[in-house]
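> quick one, fold the following:
(one chain, ligands or ions: 1)
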Amino acid sequence: MGKFITLEGIEGVGKTSNLEYIRNLLEASGKHVVVTREPGGTPLGESLRSLLLQHSEDEMSADAELLMMFAARAEHLKKVILPALEADKYVLCDRFTEATYAYQGGGRGLDTAKIAELENWAQAELRPDLTIILDAPVHIGRERAGKRSAPDRIEKEEDDFFKRVRASYREMAEHYPHRICLVDASQHLENVQAQILRQLHEYDILHLEQPVSL
Ligand code: Z5A
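Residues are numbered from 1 along each chain as shown. Sure thing, here's the model as predicted:
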């Protein structure tokens with residue numbers, strides 16, 4: 001089996017920027033890497049992503065949002081993630097189920113037991129080998145994201161929503177330290193990358209010849 005690495009955090013914290021950095025590190029160490037994202041990663045998943053993120057006159061219910069995230073995920077697992085892991089590849093995914101706990105659980109207030117049921121159904125035993133949560137205060141993420149593009153349906157939420165999302169991510173890192181780590185993403189990019197490199201080493205994803213110092 002390959003390894004499954006996911007990147008998480010509130011909007012604008014630098015997931016896209018750091019995904020490329022991790023891909024380069026893994027490829028330089030000879031791994032076959034599949035980079036993908038959620039919601040998305042398959043034709044059906046990308047169609048669901050458009051439905052989930054576009055604005056509409058008719059407000060989407062939180063339950064419909066949750067189920068669409070898992071519909072996209074079930075397709076993604078079957079068509080992309082599991083075949084790649086079975087072929088000993090490294091799967092690097094921009095968001096996964098921890099985003100559902102943070103956004104639909106923390107942000108929308110849905111019962112996390114419902115999310116856990118769907119997680120067990122869609123994924124069985126599968127959990128990421130490592131989830132890196134890029135953590136930064138909401139105003140920093142929003143400021144960075146705002147410079148880049150117009151907000152989508154979820155990005156339109158108030159700051160309080162994103163504060164709950166962030167709190168939920170931080171709780172997950174506390175509860176599952178064996179597979180989830182927190183990186184301080186409020187720092188300069190080089191510093192964030194140095195922290196990521198150290199975590200990849202500590203979680204046994206990457207074997208470095210030289211020790212890394214921050
Ligand atoms: N969602 C959900 O609700 N439930 C789920 O189960 C899943 C997802 C899977 C789509 O996510 C939405 O789906 C998301 C959660 C929801 N909605 N929200 N919010 P997405 O990942 O596609 O989109 P996003 O969260 O909006 O990410 P983003 O805006 O693309 O941000 P990012 O990838 O983390 O950041 P970035 O593009 O790499 O960086 C933003 C800017 O900051 C850019 O100009 C960088 O050059 C700059 N940057 C990055 N790092 C730094 C540092 N360290 N210093 C200074 N500037 C920096």
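> so what's residue 25 up against?
The neighbours of residue 25, taking C-beta atoms under 8 Å, 6 or more residues apart in numbering as the test, are 197, 200, 206. C-beta coordinates here come from the backbone N, C-alpha and C atoms, glycine included.
> ok, now residue 92?
5-7, 19, 22-23, 26, 33-36.
> can you pull the buried residues of the least confident helix or strand in the chain by mean pLDDT?
Between all helices and strands in the chain, the lowest mean by mean pLDDT, DSSP states H and E belongs to helix 138-146, at a mean of 92. Buried residues in helix 138-146, counting neighbours by 16 or more other C-beta atoms under 10 Å, are found at 138, 141-142, 144-145.
> may I see those residues organised as a markdown table, with distance to the ligand added?
What follows is these, written out as a markdown table (distance: C-beta to the nearest ligand atom, whole Å):
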| residue | distance to the ligand |
| --- | --- |
| 138 | 11 |
| 141 | 7 |
| 142 | 9 |
| 144 | 3 |
| 145 | 4 |
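> how close does the most centrally placed residue in the chain sit to residue 38?
The C-alpha lying nearest the average C-alpha coordinate of the chain belongs to residue 95 (C-alpha atoms, centre = their mean; 2.1 Å). The gap separating residue 95 from residue 38 is 5 Å, by C-beta to C-beta, to the nearest Å.
> same thing with residue 76?
From residue 76 to residue 38 the distance is 6 Å (C-beta to C-beta).
> shared neighbours, these two?
With contacts taken as C-beta under 8 Å, 6+ apart, residue 76 and residue 38 have residue 45 as neighbours in common.
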